[in-house]
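Novice: can't give you the sequence, but here's the structure:
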Ligand SMILES: [Zn+2]
């Protein structure tokens with residue numbers, strides 16, 4: 001239901017012009033009104049009680065901090081209660097600015113830039129950026145792509161666990177050998193529907209992705225893949241088009257160019273953040289690249305609005321429940 005309403009708001013002029021510059025020009029009241037419109041699109045920005053769903057809440061400010069009290073259950077809530085930004089530390093305008101900056105950043109250094117732009121610590125920026133990736137991931141939870149008459153591409157690539165090559169040629173090792181890998185190197189597999197959405201996941205190897213692919217691609221889809229033998233098993237379920245990249249990049253309509261574009265975006269992120277893209281964080285970076293590819297035709301304002309809406313519909317962070325639960329890399 002919210003999707004239709006959110007879509008309606010996305011098409012509005014306000015959404016299209018929600019840029020970083022416009023965020024900084026807003027008064028506090030305008031920033032609050034914008035945040036309310038993004039959080040509660042179904043009610044045109046009128047607060048909905050996160051405790052009981054009540055629609056009759058009134059403002060009960062604590063100092064300058066905007067809070068609401070529900071007339072039905074008498075409980076208080078804030079603009080960010082029950083969302084990914086719960087227990088917030090930034091002013092409301094800061095969150096809007098963070099989302100705008102994050103949507104503008106195509107690659108690299110976003111967390112350092114974010115910490116400078118918002119005058120917050122690197123750690124705080126790291127967590128904030130990561131929460132925005134978590135929100136992006138929400139959009140592809142349980143997603144199934146393709147269907148009758150639809151075409152999709154599947155491909156995989158290795159990321160993370162960088163092993164520094166030895167300087168002298170005679171000391172160089174064959175890094176394809178498993179004993180020479182750091183153990184952090186994982187395969188990202190992406191399924192990408194042409195003129196549609198994508199869904200990525202992380203595996204030990206491409207061959208381990210078969211049941212994921214079967215569950216996330218609808219029957220009737222024509223699936224394009226390269227000639228790697230582990231994809232042969234997919235022929236029993238899908239009409240397959242195979243492309244041997246040693247012969248051509250596109251032949252008889254068979255190609256994986258859309259998947260390749262996805263991987264070149266993820267590779268740029270790896271170059272920008274190669275210390276962080278391994279291990280636990282790899283899936284989040286893969287989901288971020290997916291979201292950016294899927295939404296690349298939206299205006300910046302629409303992207304900001306969409307990501308803000310996702311973040312405010314997410315429950316408090318799974319990955320960072322308000323604590324430093326994992327090692328957070330130093331800047
Ligand atoms: Zn209530």
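Specialist: Arrived safely, thanks for sending. Source: prediction; values computed, not measured.

Novice: okay, and for the stretch 151-300 of the chain, where does confidence drop off?
Specialist: Low-confidence segments of the stretch 151-300 of the chain, defined by pLDDT under 70: 161-183, 249, 273-276.

Novice: residue contacts, the residue in it that the ion sits nearest to?
Specialist: Of all residues in the stretch 151-300 of the chain, residue 291 sits closest to the ion, at 32.3 Å by CB to the ion. In short, each C-beta sits where N, CA and C put it, glycine included. By CB atoms under 8 Å, 6 or more residues apart in numbering, the contact list for residue 291 reads 136-137, 139-140, 307.

Novice: that one falls within a strand, correct?
Specialist: No. Secondary structure of residue 291, determined by DSSP: H, G, I helix; E, B strand; the rest coil: helix, with no strand assignment.

Novice: one step back: and the contacts of residue 291 near the ion, which?
Specialist: Applying CB under 5 Å from the ion to those, one finds that nothing falls near the ion.

Novice: mind putting those into CSV with neighbour count, secondary structure and pLDDT?
Specialist: Output for the contacts of residue 291, formatted as CSV (neighbours: other CB atoms under 10 Å; DSSP: H, G, I helix; E, B strand; the rest coil; pLDDT from 0 to 100):
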residue, neighbour count, secondary structure, pLDDT
136, 24, helix, 95
137, 21, helix, 95
139, 19, coil, 93
140, 18, coil, 95
307, 23, helix, 93
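
Novice: tell me the residues on the stretch 51-200 of the chain that lie near the ion, please.
Specialist: 51-52, 54, 70, 72-73.

Novice: among these, give me the pair with the biggest separation.
Specialist: The largest separation in these, counting by CB to CB, is between 51 and 72 at 8.8 Å.

Novice: what's the spacing between stretch 132-146 and its chain's center?
Specialist: 7 Å (CA atoms, centre = their mean, to the nearest Å).

Novice: in it, what counts as buried?
Specialist: 132-140, 145-146 (16 or more other CB atoms under 10 Å).

Novice: now swap in stretch 91-102 and tell me
Specialist: So stretch 91-102, judged by 16+ other CB under 10 Å, has buried residues 92-102.

Novice: out of those, which are inside helices?
Specialist: 92-102 (DSSP state H).

Novice: rewinding a little: can you name the two of the contacts of residue 291 that are farthest apart?
Specialist: 140 and 307 (13.2 Å).

Novice: which residues in the stretch 151-300 of the chain form strands?
Specialist: In the stretch 151-300 of the chain, strands defined by DSSP state E, counting those that start in this stretch lie at 151-159, 186-193, 198-203, 222-226, 239-243, 250-251, 254-255, listed in chain order.

Novice: mind listing the strands the second one pairs with, and their directions?
Specialist: In other words, strand 186-193. Paired strands of strand 186-193, with direction, are strand 151-159 (antiparallel), strand 198-203 (antiparallel) (DSSP bridges).

Novice: compute the inter-axis angle for the longest one and strand 222-226.
Specialist: Here strand 151-159 runs at an angle of 30 degrees relative to strand 222-226 (axes from the mean of the first three to the mean of the last three CA atoms, to 10 degrees).

Novice: just how off-centre is strand 151-159 within its chain?
Specialist: For strand 151-159, the distance to the chain centre is 17 Å (CA atoms, centre = their mean).

Novice: before we move on, what about the last one?
Specialist: When distances are taken as CA atoms, centre = their mean, strand 198-203 is centred 12 Å away from the chain's centroid.

Novice: for it, buried residues please.
Specialist: 198-202.
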